[in-house]
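> sequence first, then the predicted structure, then my questions.
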Amino acid sequence: MRSMMMAMVAATALFAGECTYSVKDVGVMWEAYKTPMKLGVGGTFDAIKLQAKPDQSVDDLLDGARVVIDTKSIDSKNPGRDGKLVKAFFNVQGVKAIEAVVNKVGENVVDVDITMNGVTKTVPMTLKKEGSKVKAQGYIDLGDFEMLPSLHSITKACYKLHQGKTWQDVKIAFEIETKERCK
């Protein structure tokens, strides 16, 4: 009987530390720049499809995670601007979606393969883990994605507001809130 009790205690101890992490919520943010003073205009996307398999660590959860972002769902908290971004930026080159896949997770950096306009580039992003939240931030150059015709179009459509200058670098970020479930 005593050996049976010891075996049960040992089994309980083995499984007590088994946790699985899954995604509770995800957000994708962006900040573009206008005017010669490089003023930032930011926002999010409302339609984000995320595929991430629950795993035994947050790093393993992130590794291979994939998002597809509907560009029509852009949200800068200004409906007029949002419509202009869809029409005079994304639609100019027929970009209906942006895809991203996490391909490498390091201590303080994550490499993300971003596909836009049929072009895929690996973008290094700083990585911070704060409690149940994972935050990453990096920059893309629209020229790397052959999006300069769209950039010229939005510059022309917003010429006066942008004082003739729209920058081709864009800050991008994502935030994932994880959920931990332990046995």
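Yes, it's here. Numbers count the residues shown, from 1 in each chain.

> longest strand in this protein, please.
Counting by DSSP state E, the longest strand found in the chain is strand 19-34.

> for residue 88, phi and psi?
Backbone geometry at residue 88, expressed as degrees, to the nearest 10, gives phi -100, psi 0.

> who's in contact with it?
150, 153-154, 156-158 (Cβ atoms under 8 Å, 6 or more residues apart in numbering). Quick note: C-beta positions are derived from backbone N, CA and C, even for glycine.

> pLDDT, distance to residue 21 and secondary structure added to these, as a markdown table?
Shown next, in a markdown table, are the contacts of residue 88 (pLDDT from 0 to 100; distance: Cβ to Cβ, whole Å; DSSP: H, G, I helix; E, B strand; the rest coil):
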| residue | pLDDT | distance to residue 21 | secondary structure |
| --- | --- | --- | --- |
| 150 | 98 | 37 | helix |
| 153 | 98 | 42 | helix |
| 154 | 98 | 39 | helix |
| 156 | 98 | 46 | helix |
| 157 | 97 | 43 | helix |
| 158 | 97 | 42 | coil |
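
> and for residue 56, the neighbour number?
By the criterion of other Cβ atoms under 10 Å, residue 56 has 12 neighbours.

> do residue 176 as well
Number of residues near residue 176 (other Cβ under 10 Å) recorded here: 24.

> list the residues that contact it.
Contacts of residue 176 by Cβ under 8 Å, 6+ apart are 23, 25-27, 62, 65, 133-134.

> could these go into a markdown table alongside pLDDT and distance to residue 175?
As requested, the contacts of residue 176 are exported to a markdown table (pLDDT from 0 to 100; distance: Cβ to Cβ, whole Å):
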| residue | pLDDT | distance to residue 175 |
| --- | --- | --- |
| 23 | 94 | 11 |
| 25 | 95 | 8 |
| 26 | 96 | 7 |
| 27 | 96 | 5 |
| 62 | 95 | 12 |
| 65 | 96 | 13 |
| 133 | 96 | 6 |
| 134 | 96 | 7 |
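
> among these, name the buried ones.
23, 26, 62, 65, 134 (16 or more other Cβ atoms under 10 Å).

> who is the second one paired with across the strands?
Residues in a beta bridge with residue 26, per DSSP bridges, are residue 176.

> picking that back up, now the helix or strand following the longest strand of the chain: how far from the chain's centre is it?
Going down the chain from strand 19-34, the next helix or strand is strand 39-45, by DSSP states H and E. With Cα atoms, centre = their mean, to the nearest Å as the basis, strand 39-45 stands 14 Å off its chain's centre.

> now swap in stretch 54-65 and tell me
That offset, for stretch 54-65, works out to 15 Å (Cα atoms, centre = their mean).

> before we move on, what about stretch 79-93?
That offset, for stretch 79-93, works out to 20 Å (Cα atoms, centre = their mean).

> since that was my last question, I'll sign off now.
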